[in-house]
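Undergrad: Give me coordinates for this.
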Amino acid sequence: MEKHLFYKVLTKKIAVVFCLMALILMSSCGKSSGPGDHYPEPKVMSLISVESAGELYRSPNLITNGNFSIWPDETSAPEGFSLPPDTKVSKIIRVDARGGEGKYSADQWWRSSDQNTTYDRLFRTIVPGIKANRVYELSVLALPYYHTTASLSLIALDNNNNDVARWTDLIRVTPANGVEQSHTARIKTPHDGSLIIVSHGNDKTRHGDKTRICWLEWELVLLGSDLNNTAVLPDKQ
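TA: As a prediction, this is how the structure comes out:
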């Protein structure tokens, strides 16, 4: 009698497990709630959908030492940057970082106008390996002091070092008194070559002993190729 009851209970348990498995298999065979109506056979790969990367793609910072962290004690310029030769017009001083991620920041002082100075006499860096018809984004993080305003401009050079495009005053750091600011602008490059990034005064800059900005970081990144409508056109090409 006990043996008969044991087999009867075991048979019921097996039946319950079988029913549960059947329900799971039936639910998995139903129509998927995904975007596609037809799916490939098992072990066959198929492209279901494609989404544009757009702004999801951002390269690393293309500016060497863009946060000024590499600045040996024995040198007057951060690695990857060139200084203005006339310190009576503008001067760069290394200071401990006042923000951002870098070990140092670059304080720039202006005592007279350099608005119309050639780029080889400005505080600058050059970014090689630029590709034609791509969208690049320039960003700056800065602390303007004593209500100072200044600009970042871009000069595009082709592979023969010819000046092929300019974006003057692409970014203007607006006046403030030690308040951290972040500004961003996008361009589309006309040729393969390089980009020169320079800082200088503009028509709003009041030059004097207190005209000063602390540059915390310059950043240039390559974006996705579908952002042409967001790019600023060059003022000279």
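Undergrad: ok, which stretches of the chain are strands?
TA: 81-82, 90-96, 104-110, 123-130, 135-145, 150-158, 163-173, 181-188, 193-200, 211-222 (DSSP state E).
Undergrad: Now render the ones you listed as TSV, adding mean pLDDT, distance to residue 63 and mean neighbour count.
TA: In this view, the C-beta of every residue, glycine as well, is placed from N, C-alpha and C. As requested, the strands of the chain are exported to TSV (pLDDT from 0 to 100; distance: least, C-beta to C-beta, whole Å; neighbours: other C-beta atoms under 10 Å):
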stretch	mean pLDDT	distance to residue 63	mean neighbour count
strand 81-82	98	9	20
strand 90-96	95	16	16
strand 104-110	96	13	22
strand 123-130	98	6	18
strand 135-145	95	9	22
strand 150-158	97	11	23
strand 163-173	97	14	19
strand 181-188	95	14	17
strand 193-200	98	7	23
strand 211-222	96	5	22
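Undergrad: out of those strands, nearest to residue 237?
TA: strand 163-173 (4.5 Å; C-beta to C-beta).
Undergrad: counting contacts, what elements does the closest one pack onto?
TA: strand 135-145, strand 150-158, strand 181-188 (3 or more C-beta pairs under 8 Å, 6 or more residues apart in numbering; DSSP states H and E).
Undergrad: Could you point out which of those strands sits nearest residue 59?
TA: Among the helices and strands packed on strand 163-173, strand 135-145 comes nearest to residue 59, with 8.8 Å by C-beta to C-beta.
Undergrad: How much space separates the spatially most central residue of the chain from residue 84?
TA: Among the residues of the chain, the one closest to the centroid is residue 221, at 4.2 Å (C-alpha atoms, centre = their mean). Residue 221 sits 26 Å away from residue 84, going by C-beta to C-beta, to the nearest Å.
Undergrad: Likewise for residue 71?
TA: 16 Å.
Undergrad: Between the two, point out the one with more neighbours.
TA: Set residue 71 next to residue 84 and count neighbours by other C-beta atoms under 10 Å: residue 84 wins out with 22 against 19.
Undergrad: Spatially, what comes nearest to the more buried one if we skip its sequence neighbours?
TA: Sequence neighbours aside, residue 90 is the residue nearest to residue 84 in space, at 4.5 Å (criterion: C-beta to C-beta, 6 or more residues apart in numbering).
Undergrad: List the beta-bridge partners for that neighbour.
TA: residue 110 (DSSP bridges).
Undergrad: and the gap between residue 109 and residue 118?
TA: Using C-beta to C-beta, residue 109 is found at 20 Å from residue 118.
Undergrad: what do you get for residue 188?
TA: In terms of C-beta to C-beta, residue 188 sits 24 Å off from residue 118.
Undergrad: show me the residues around the nearest residue to residue 128 once chain neighbours are set aside that make contact.
TA: In space, and not counting its chain neighbours, residue 128 is closest to residue 194: 4.7 Å by C-beta to C-beta, 6+ apart. Taking C-beta atoms under 8 Å, 6 or more residues apart in numbering as the criterion, residue 194 is in contact with 126, 127, 128, 129, 130, 156, 157.
Undergrad: Report how far apart the opening and closing residues of stretch 118-129 are.
TA: 23 Å (C-alpha to C-alpha, to the nearest Å).
Undergrad: Name the residues that touch it?
TA: Under C-beta under 8 Å, 6+ apart, the answer for stretch 118-129 is 62-64, 66, 80-86, 90, 92, 106, 108, 114, 153, 155, 194-200, 218, 220.
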